[in-house]
Each structure stands twice: as structure tokens, then as C-alpha cells.
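Engineer: give me a model of this one.
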Amino acid sequence: MRAYSSYSIDQLEALVEENQSNRSVLQGVKKELGHRSQKRRQRALLEVIERLCAAGSLRVELPAFWIDHLTLEKTLSTVFSSPISNHSNIHIFVPSGCSIMVSAAVQLLSFVNQLLALSCSVTIEFEAGWSGTMNYLKRINFFKQLDQTVSVMPVLRKGSRETQHQRKNVSVVEIEKLSLDSQDTSLPDRLAEGVVNEADLSPELKRRLKTAIETLFSELTSNVCLHSRSTLPAYAVCQRYSPDNNPIVHVSVCDSGVGILDTIRPALPIHYSEHPEYQKMPDEELILNMFLEGISSKGDNDGGSGLVSCATQAMKFKSTISIRTNNTLTLLKPCGKYYVIDTQPLPHNLIHMNGTYITFQIPLDHLT
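Structural biologist: Reported below is the predicted structural model:
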């Protein structure tokens, strides 16, 4: 029998009023309410509980404008220190005016999963409710992929995690969870098809763009399935944006595994003994050479070509590449026929995140 199954709504409200600082009681009442029909009083009481649980939490307030993965990095680095303490209470506040781009959405999902793995409790509050970015996140399957132990304000009603427009919007492909046990060979084609067909491009450019996006997703999702070594979910997403008539496609793949550098570094003295310079390279240079020369954890004869293929396809469209792995953030930009490290200022004191987060930004405004 559930702890508070015999309590009326009046009794539950009184219990919450008397135990506002008792987290175990609050969580017990919340669990009980989850078993009941979501009438007005039940939803109101759930929101009261969420606010009480958020009190005293470590607060992360996102900025009130469009944010991508780099803006998210800057925000998190100003709040958190590494390592994050176990059993912390984390309150993520999304103010009115904040719009979350897909590259930030999948990184936020992975970050929340890692917080939960540390036994943290996480609340995400949307100031504008369903009239703001919350509705968009539902559209891209953010709530469908979000762990159900995460508290959301306003409270998610039954069925509100599911989008009604799955694969029906030509500019976005919803967040897909990657299977680490078996690779979905149809996924790259679906992700590419979703944003290319209705792009204002010639048939030949559409074909080239579709090939490029398919290659990126195929190689990156394959790497995740082979090398993640994590039980936490990995994600892929793609969206076409058109800010000020400058269309751009964002392609993002991320996981919560060991991280690409922690996979490569131990393999260098074994497979690349004839290149001792690799072992001395800073992280950013080593990542650059992984895309240019195909440095692999398995050596030249068994792997490494995937990232080179990604770079080759991305270069055809003068794309930029962002690689975030553990404590390192590297930006690569096209320069002539090759990629170089972008030296623009980046967030200092990056918090530790397990895994690898790769985003390609493919500009379409110069294509004819």
C-alpha cells in the first residue's frame, strides 16, 4: 500500500503545509499525486511541492534570449564547480524570452542525466509555461527523452511528453535516442531527409547536402555506439534555422561516455609510437588532427576514417565544428582547404561533463 494512498486531497494539502522543509514527506506526497488523476487541485499542489523542493537548491538561470551549446557552456561554468557534489539539489530556471536551440537541448539532456547519476535531484522551471520555449521543447521530443524523475514546472500533464507532430515538420528532426546495443541504420537517412527536402536549394545542392548530413550522422552515431561505454542515453538531432534570411543547419550528436580524448590518449603510445609528437600535443591540437589525419584509438589500420569523412563533407559547405569532451571545448573553422582551431574566446573553467558533444553548423546562405 502506498504511503499516502488513503489521504484525501485536503489531508495532502495540510501535510504539505506542515512539512514544507521535509523533503522526504514532500517527495512522498508528490509520488502519491502521480498515481492520481490530474485535477486542478492536484496540479496546484504539485506545483507548490516543486517550488518548496526548489528552495535552497543550486540555481541555474538561463539567459532570456536564444541560446546554443556555447551559451549554455558559459552559463553552466559560472554556476557550477567541478566536480559537482553528489546529492545536490539543482534548479534550472528558464526565463521568459529564453529560446533553446537543438545543440543546447541535447547537451542539457545529457547534463541532466549525469546529475541524476550523481544522485542529484533536478527541477526545470519554465517561467513562460507552455506559451514559451516549453512548447518548442515538447515539439522536439525533449520531454519524451527527459528522465521522468526530473521535476518540471509547470507540471507535465498526462500525455504532454509526447509530440503530436512527429516527423511532420520539415525544418527539424526531433531528438532521437541512440541505441548503444544496435545501430539504427535508417536513422542517418531520416535525419538528413527531414531538413533537406524543403530547403530553398537546387536539386543538386539538396543531394550534396543530404549526402553530407547522412555522412555526419552515420559516422558520429557509429562512433557513439562503438565507443561510448556508458549506460546513459546518447542523442542525435538536426534542425534548419533561418535567422535574418541566413539559413543554417545544426547537426548535433552527443553521449555521456568516456570521452573521445580519454579514448585516444591511452592508444597513442601503442599505435602511434612513430609519432611521439601526438602524445605531446595539447588537447585542441590532437582533436584537430583526429579530423585531419584520422588518429584512432585502434590505429591507422582500424578506424579513424570516420572523423576524416565528417570533416571532408563539412568542409564542402564551409561548416564549423564544435567538439566538447570532458573538460575540453574545441572549435574548428574552415581555412582554405583545411580546418584550423578557432581562437575566439571560450568559457573558462569548464565544468566536467562525461562524453563527447559534437555540433556541425552548416551555413546555406552562400549556396546557389
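Engineer: quick one: the helices in the chain, in order.
Structural biologist: For the chain, applying DSSP state H gives helices covering 9-18, 23-34, 40-54, 69-79, 102-117, 133-139, 142-145, 187-196, 203-227, 260-264, 268-271, 276-280, 283-293, 305-315.
Engineer: most tightly surrounded among those?
Structural biologist: Highest mean neighbour count among the helices of the chain (mean count of other Cβ atoms under 10 Å): helix 102-117, with a mean of 23. From N, CA and C alone the C-beta is placed, and that goes for glycine too.
Engineer: shaky segments in the stretch 201-350 of the chain?
Structural biologist: Within the stretch 201-350 of the chain, the ranges that satisfy pLDDT under 70 run 225-227, 299-304.
Engineer: same thing but 90
Structural biologist: Within the stretch 201-350 of the chain, the segments meeting pLDDT under 90 span 201-233, 238-251, 257-279, 290, 292-309, 313, 316-317, 325-328, 336-337, 343-350.
Engineer: would CSV of the helices of the chain with distance to P345 be doable?
Structural biologist: Below are the helices of the chain laid out as CSV (distance: least, Cβ to Cβ, whole Å):
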stretch, distance to P345
helix 9-18, 47
helix 23-34, 40
helix 40-54, 33
helix 69-79, 10
helix 102-117, 19
helix 133-139, 26
helix 142-145, 29
helix 187-196, 30
helix 203-227, 27
helix 260-264, 21
helix 268-271, 29
helix 276-280, 25
helix 283-293, 14
helix 305-315, 23
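Engineer: so how far is stretch 205-225 off the chain centroid?
Structural biologist: The gap between where stretch 205-225 is centred and where its chain is centred comes out at 18 Å by Cα atoms, centre = their mean, to the nearest Å.
Engineer: okay, I248 and K74: tell me how far apart.
Structural biologist: 20 Å (Cβ to Cβ, to the nearest Å).
Engineer: ok, now V253?
Structural biologist: Taken as Cβ to Cβ, the span from V253 to K74 is 22 Å.
Engineer: and stretch 128-144, what's its mean pLDDT?
Structural biologist: Regarding stretch 128-144, the rounded mean pLDDT is 92.
Engineer: distance across it, terminal residue to terminal residue?
Structural biologist: 20 Å (Cα to Cα, to the nearest Å).
Engineer: can you pull out the low-pLDDT segments for the stretch 51-200 of the chain?
Structural biologist: 51-59, 77-91, 118-121, 123, 148-149, 151, 153-174, 176-200.
Engineer: and with 80 instead?
Structural biologist: 51-57, 80-88, 157-173, 179-187, 190-191, 193-200 (pLDDT under 80).
Engineer: so T133 sits right up against V102, yeah?
Structural biologist: No. Between T133 and V102 there is no contact under Cβ atoms under 8 Å: 11.9 Å.
Engineer: dump the residue contacts of the residue nearest to the spatial centre of the chain.
Structural biologist: The structure's the chain has its C-alpha centroid closest to V106; by Cα atoms, centre = their mean the separation is 1.6 Å. By Cβ atoms under 8 Å, 6 or more residues apart in numbering, the contact list for V106 reads 175, 235-237, 252-254, 357.
Engineer: and it, how far from G129?
Structural biologist: 23 Å.
Engineer: same thing with V253?
Structural biologist: Taking Cβ to Cβ, one finds V253 at 30 Å from G129.
Engineer: those two: who's more crowded?
Structural biologist: V253 (26 against 13; other Cβ atoms under 10 Å).
Engineer: specify the beta-bridge partners of the more buried one.
Structural biologist: A236, I358 (DSSP bridges).
Engineer: so E73 is in contact with H348, correct?
Structural biologist: No. Look at E73 against H348 with Cβ under 8 Å: they stay out of range, at 10.2 Å.
Engineer: shared neighbours of those two, anything?
Structural biologist: Joint contacts of E73 and H348 (Cβ under 8 Å, 6+ apart) do not exist.
Engineer: give me the neighbour count for Y241.
Structural biologist: Y241 has 18 nearby residues by other Cβ under 10 Å.
Engineer: distance check, the nearest residue to it once chain neighbours are set aside against M101.
Structural biologist: Nearest residue to Y241 in three dimensions, chain neighbours excluded: I248, at 5.4 Å (Cβ to Cβ, 6 or more residues apart in numbering). I248 sits 10 Å away from M101, going by Cβ to Cβ.
Engineer: need the residues touching each of the two.
Structural biologist: Shared contacts of I248 and M101, counting by Cβ under 8 Å, 6+ apart, come down to Y241.
Engineer: who's more crowded, these two?
Structural biologist: Taking neighbours as other Cβ under 10 Å, I248 and M101 compare with M101 leading, 21 against 17.
Engineer: so who does that one touch?
Structural biologist: By Cβ under 8 Å, 6+ apart, the residues touching M101 are 66-69, 239, 241, 250.
Engineer: among the residues you listed, which ones are buried?
Structural biologist: Burial by neighbour count, 16 or more other Cβ atoms under 10 Å: within the contacts of M101 this picks out 67-69, 239, 241, 250.
Engineer: can you put those in CSV and add distance to L191?
Structural biologist: As requested, the buried ones among the contacts of M101 are exported to CSV (distance: Cβ to Cβ, whole Å):
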residue, distance to L191
I67, 22
D68, 19
H69, 18
Q239, 10
Y241, 16
H250, 12
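Engineer: show me which of the residues you listed is closest to E284.
Structural biologist: The shortest gap between E284 and any of those belongs to H69, at 16.8 Å (Cβ to Cβ).
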